[in-house]
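Student: Compute the structure for the input listed below.
(one chain, ligands or ions: 2)
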Amino acid sequence: MTNPTPRPQTMAEKILSRRGTMAVYAGDLAVVEVDQVMVVDSIAQSFIQRMQQDLNATPKYPERVSIVIDHVAPASTVSVAQAQKEAREYAAQTGVRLFDVGRGICHQVLMEEGLARPGWIVLGSDSHSTTYGAVAAFGTGMGATDIALAAASGKTWLKVPESVKVTFTGDLRAGVSAKDVALEMIRRLGADGATYQSIEMHAGDRFTRGERMTLANLCVEAGAKAGLVVPGGEILTAYGYDIPDWVYPDEGATYVQSIEIDLANLNPRMSAPSEVDNVFDVADLREQLRDQHVDQVFIGTCTNGRIEDLHAAADVLRGRRVAPGTRLLVIPASSQVMEDAMADGTLLTLQRAGAVLGTPGCGPCMGRHQGVLAPGEVCVSTSNRNFIGRMGDKDAHIYLASPAVAAATAVMGRVALPEDVLATPVPA
Ligand SMILES: CC(C)[C@@](O)(CC(=O)O)C(=O)O
Ligand code: SF4
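Tutor: Ligands and ions are numbered 1, 2, ... in the order given. Predicted coordinates:
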């Protein structure tokens, strides 16, 4: 392929060009250097099998490979324990990084460890690897075979995605969060509205790194290959990253779709069963579900399990109690989040409100342990998927919301907004 005449590029085209050998554009095939490969516990056995039996290879750059034990941590069955044991042994043999039980969810851990940086390519064996776009890294999920090939060669190939431009205007009102923005974005694009495309988010200096992670994390729920937030605000300074000039999109780059989301007119949003794009104003669902008891509230996950999320929940729950008959599960996204929340009293506030605290990790997010749902149960979760059977029985119903809405729902025992709770003074 001859080098095409240079023309303005999107962020995705910029990164894939820079980490490759020539300028590439949407639709081109690109072979690129991979800066970090991440393998989660539930994929580790397949990954090891590909490496040892199919490829007969060891990682070319062990320092660029991380295995994270997070999805079912601690192990819930003998077979899960066996798989995690093999992952530990593999890491010891090959020198790849291993983040063991309790360190936390893969995407939060890699971000905390500085293993996702602006302009990098980060491949994860998990679809929510789009999260790394929060710091302008091209993060994307791949299966065990592609992940193994990348670990063995230090490279991968992929088709350069087209890009969708999302521009945020105005400022969020009190009580409205990045999760509400992300749910609105998915509603606007649709569950398959950005299939194999890069969602390029123009947020100016809005949103912290954590909020950008929430936005990038949800991008895969529109089918996206990547979710890239144009660097700005906090990530230019607070995390010590050098933001290369070349990572920014060019004026005049080509987008196949462009949408604008006015934050000032956005209300708290909620995704109703059983598709992520089935999004409504919480106020409307509150009326429709006025008589619906909520059995379980789950605050956590790679979407909303960070310290700012726990703070948002604690601000609603402080001095109050979880409603009788409602379970509130709180699982910090990482050991760092847990320590911070312990140190500043947030965990005590949540515990005193009646929260059940769990080991940093995925928890019940995918229905394997730590809070699986029974038939007919209703759960409000701060996670990113509400598919049938996602968190347990196929007849359980999952609503996706922000930490503040989840906390208010826990207090009222039904879908609620923070103002429904905060209007009543804390009992003396
Ligand atoms: C099911 C689980 C392993 C997963 O992390 C898989 C994925 O996202 O690739 C998910 O959240 O659906
Ligand atoms: S927290 Fe949930 S969505 Fe995130 S990686 Fe774990 S299982 Fe997947």
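Student: If I look at I69, what pLDDT would I see?
Tutor: Here, the pLDDT recorded for I69 equals 98.
Student: and the lengthiest strand in the chain, average pLDDT?
Tutor: The strand spanning the most residues in the chain, taking DSSP state E as the definition, is strand 162-169. Confidence for strand 162-169, expressed as mean pLDDT, is 98.
Student: quick one: contacts of it?
Tutor: The contact list for strand 162-169 (CB atoms under 8 Å, 6 or more residues apart in numbering) reads 10-13, 26-27, 181, 185, 189, 193-194, 196-204, 206, 224, 253-264. Every residue, glycine included, has its C-beta placed from N, CA and C.
Student: Please apply the same query to stretch 381-389.
Tutor: Contacts to stretch 381-389, defined as CB under 8 Å, 6+ apart, come from residues 128, 179, 217-218, 221, 271-276, 278, 297-305, 309, 365-367, 391, 394, 396, 398-403, 406.
Student: just checking: which of those also lie near ligand 1?
Tutor: Among the contacts of stretch 381-389, the residues that sit close to ligand 1 (CB under 6 Å from any ligand atom) are 128, 366.
Student: Weed out the non-buried ones from the contacts of stretch 381-389.
Tutor: Buried subset of those (neighbour count, 16 or more other CB atoms under 10 Å): 128, 179, 217-218, 221, 271-276, 278, 297-305, 309, 365-367, 391, 396, 398-403, 406.
Student: In helices only, show me these.
Tutor: Among the buried ones among the contacts of stretch 381-389, the members falling in helices (DSSP state H) are 179, 217-218, 301-304, 309, 403, 406.
Student: can you put those in TSV and add pLDDT?
Tutor: What follows is those, written out as TSV (pLDDT from 0 to 100):
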residue	pLDDT
K179	98
N217	98
L218	98
T301	98
C302	98
T303	98
N304	98
D309	98
P403	98
A406	99
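Student: Kindly reformat those as a markdown table containing distance to P360.
Tutor: Conversion of those to a markdown table gives the following (distance: CB to CB, whole Å):
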| residue | distance to P360 |
| --- | --- |
| K179 | 19 |
| N217 | 17 |
| L218 | 21 |
| T301 | 11 |
| C302 | 11 |
| T303 | 14 |
| N304 | 14 |
| D309 | 13 |
| P403 | 16 |
| A406 | 18 |
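Student: show me which of these neighbour ligand 2.
Tutor: Among these, the ones lying close to ligand 2 by the criterion of CB under 6 Å from any ligand atom are 301-302.
Student: With respect to D70, which of the ones in helices among the buried ones among the contacts of stretch 381-389 is nearest?
Tutor: If you rank these by distance to D70 using CB to CB, C302 comes first, at 8.9 Å.
Student: Next up, the contacts around the closest one.
Tutor: Contact analysis of C302 by CB under 8 Å, 6+ apart lists 105-108, 128, 131, 213, 217, 333, 362, 384.
Student: Now which of those residues would you call buried?
Tutor: Burial by neighbour count, judged by 16+ other CB under 10 Å, picks out 105-108, 128, 131, 213, 217, 333, 362, 384 from the contacts of C302.
Student: among these, which are in strands?
Tutor: Per DSSP E, those never map to strands.
Student: Nearest to ligand 2 among the residues you listed?
Tutor: Nearest to ligand 2, judged by CB to the nearest ligand atom, of those is C362 at 3.2 Å.
Student: For ligand 1, what is the nearest residue in the stretch 101-250 of the chain?
Tutor: Counting by CB to the nearest ligand atom, the stretch 101-250 of the chain gets nearest ligand 1 through S127, at 3.5 Å.
Student: Tell me how many other residues crowd S46.
Tutor: Applying the criterion other CB atoms under 10 Å, we find 17 residues in the vicinity of S46.
Student: sorry, that was for G363
Tutor: Neighbours of G363 (other CB under 10 Å): 30.
Student: Next, the buried residues of stretch 85-102.
Tutor: Neighbour counts over stretch 85-102 (16+ other CB under 10 Å) mark 87, 90-91, 94, 96-101 as buried.
Student: okay if I get those residues as TSV plus secondary structure and pLDDT?
Tutor: As requested, the buried residues of stretch 85-102 are exported to TSV (DSSP: H, G, I helix; E, B strand; the rest coil; pLDDT from 0 to 100):
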residue	secondary structure	pLDDT
A87	helix	98
Y90	helix	98
A91	helix	98
T94	helix	98
V96	coil	98
R97	strand	98
L98	strand	98
F99	strand	98
D100	coil	98
V101	coil	98
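Student: Of those residues, just say which sits nearest to ligand 2.
Tutor: Nearest to ligand 2 among these: F99, at 13.0 Å, using CB to the nearest ligand atom.
Student: ok, and the closest non-adjacent residue to the closest one?
Tutor: Distances taken as CB to CB, 6 or more residues apart in numbering place V68 nearest to F99, at 4.5 Å, with adjacent residues excluded.
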